[in-house]
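Asks: starting from these lines, generate the structure:
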Amino acid sequence: MSAESRIRMALSQKGNTNRRGKKASPETRRRISEANQRNGNRPPSRLGVPNTPEQRQKIRDTLRRIGHRPPPMYGDANPSKRPEVRLKISHARKGKPLSEDHKRSLSLNHYKTHSLETRLNMSKSSHRGAEHHFWKGGVTKPNHAIRHSVQYRIWRDLVYRRDDFTCQVCGTRGGKLHAHHVESFANHHDKRFDLDNGQTLCIDCHREIHFFARQDYVQV
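Replies: Next up is the predicted model:
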């Protein structure tokens, strides 16, 4: 359809409200699409053009009005979990080197950890004890619960870092290490989380101090 024909049609339909609010039938839409393809009339592409805030709000209102709910994107419902999608992403990324900023960001995020205050707040805010849905009336032994608590793990990590992950008896750095209580864990409850009461030891030195001869001994 030429531009002159469209203008004449628009003028002839001016003031006519009979079609207002009515949708064209699929057949009419198909004929319009075929006519536009024959004449080379294509709508301008919006690829890469961001929507304005008003347009985004209008889209949200429309989706909410028709009851549309976006599909879940977590767990197995995430498309990137499917093998064919992962393979497609892998092929698309091949041959594209990462920028220096991207490499630096990945490196920093890899070693990023929460602060001690944040870890404690996260532990307190989670459902623990009787508030947890797996609560069985307190069957866990107190010593086991303490040694697996966040506060104990933080204390152990601080001891390791203070001693530079080095055994304070033989001087071996790294490997399997234990955080040893100078004043015993069982008899001195008030010093269980005292940093000055902690000492980094390797397994052999820790066994020697406690006179452990069994080779299968493992301390958490």
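Asks: next one: phi and psi at the residue positioned nearest the centre of the chain?
Replies: Centroid check for the chain by CA atoms, centre = their mean gives residue 74 as the closest residue, at 10.0 Å. The phi/psi pair for residue 74 (degrees, to the nearest 10) reads phi -120, psi 160.
Asks: from residue 5, how far out is it?
Replies: Distance from residue 74 to residue 5, counting by CB to CB, to the nearest Å: 52 Å. Every C-beta, even on glycine, is put in place using the N, C-alpha and C of the backbone.
Asks: okay, the residue nearest to the centre of the chain: pLDDT?
Replies: pLDDT recorded at residue 74 is 75.
Asks: gap between it and residue 41?
Replies: 43 Å.
Asks: ok, now residue 50?
Replies: Look at residue 50 and residue 41: by CB to CB, they are 25 Å apart.
Asks: where does the protein dip in pLDDT?
Replies: 1-3, 6-7, 10-22, 111-112, 125-126, 211-220 (pLDDT under 70).
Asks: now the strands for it?
Replies: Assigned by DSSP state E, the strands in the chain fall at 177-181, 198-202.
Asks: could I get those in JSON lines, plus columns for mean neighbour count and distance to residue 45?
Replies: Shown next, in JSON lines, are these (neighbours: other CB atoms under 10 Å; distance: least, CB to CB, whole Å):
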{"stretch": "strand 177-181", "mean neighbour count": "21", "distance to residue 45": "61"}
{"stretch": "strand 198-202", "mean neighbour count": "22", "distance to residue 45": "63"}
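Asks: possible to save those as a markdown table with distance to residue 160?
Replies: Listed next are those as a markdown table, based on distance: least, CB to CB, whole Å:
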| stretch | distance to residue 160 |
| --- | --- |
| strand 177-181 | 6 |
| strand 198-202 | 6 |
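Asks: of all these, which lies closest to residue 129?
Replies: strand 177-181 (25.0 Å; CB to CB).
Asks: appreciated, that's everything.
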